[in-house]
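# mind looking at a prediction? Sequence and model below.
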Amino acid sequence: LSNSDLIPSIKLRHCCLLRNQRCLVAYLYDRLLRIRALRWEYGSVLPPNIRFHMCSEELQWFSQYKKSLASFMRSLGAGEGLDITQDMKPPKSLYIQVRCLKDHGELEIDDGTVILLKKNSQHFLPRWKCEQLIRQGVLEHVVS
């Protein structure tokens, strides 16, 4: 075999390697987008069953993204900060009826009222204060 006979097979192998590389990069980018979406869906604390399926580099990326997002939110709202992860859908009402699914302890709302979240207790609370706890599985929205 001469060198000129090997050129087509070398080109084919190189094209296959480039295709495989593109597929891997597309897969990793899709996984990164899904991990980023987890921050918006579950908040800054991931459930253990989701963390179990992530490698250490993905957990590190999630942690960095979480810190970057928190830093950005602190810079909004004239220095007071603004939580842009709240109210992902426009609310129909500002207050909602919720049931506590597990003991969580005390929750302080804006007017200074402290509410004890005990299992099976029901409360009428501001929606923005409950959304994160609903996503974490502490509260459930009671629809009447």
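Cool, the structure landed.
# can you give the contact residues for the worst-scoring helix or strand of the chain on mean pLDDT?
When the helices and strands of the chain are scored by mean pLDDT, DSSP states H and E, helix 127-135 comes last with a mean of 83. Contacts to helix 127-135, defined as CB atoms under 8 Å, 6 or more residues apart in numbering, come from residues 41-43, 83, 85-88, 91, 93-96, 98, 104, 107, 109-110, 117, 139-141. The way it works is simple: take the backbone N, C-alpha and C, and place the C-beta from them, glycine included.
# list the buried ones in that helix?
Buried residues in helix 127-135, counted by 16 or more other CB atoms under 10 Å: 127-133, 135.
# give the rounded mean pLDDT of the helix or strand hosting L33.
Element membership for L33, per DSSP states H and E: helix 3-42. Mean per-residue pLDDT for helix 3-42: 94.
# sort out which residues of it are buried, please.
So, applying 16+ other CB under 10 Å, buried residues of helix 3-42: 35, 38-39.
# quick one: R51 from Y65, how far?
Per CB to CB, to the nearest Å, R51 is found 14 Å from Y65.
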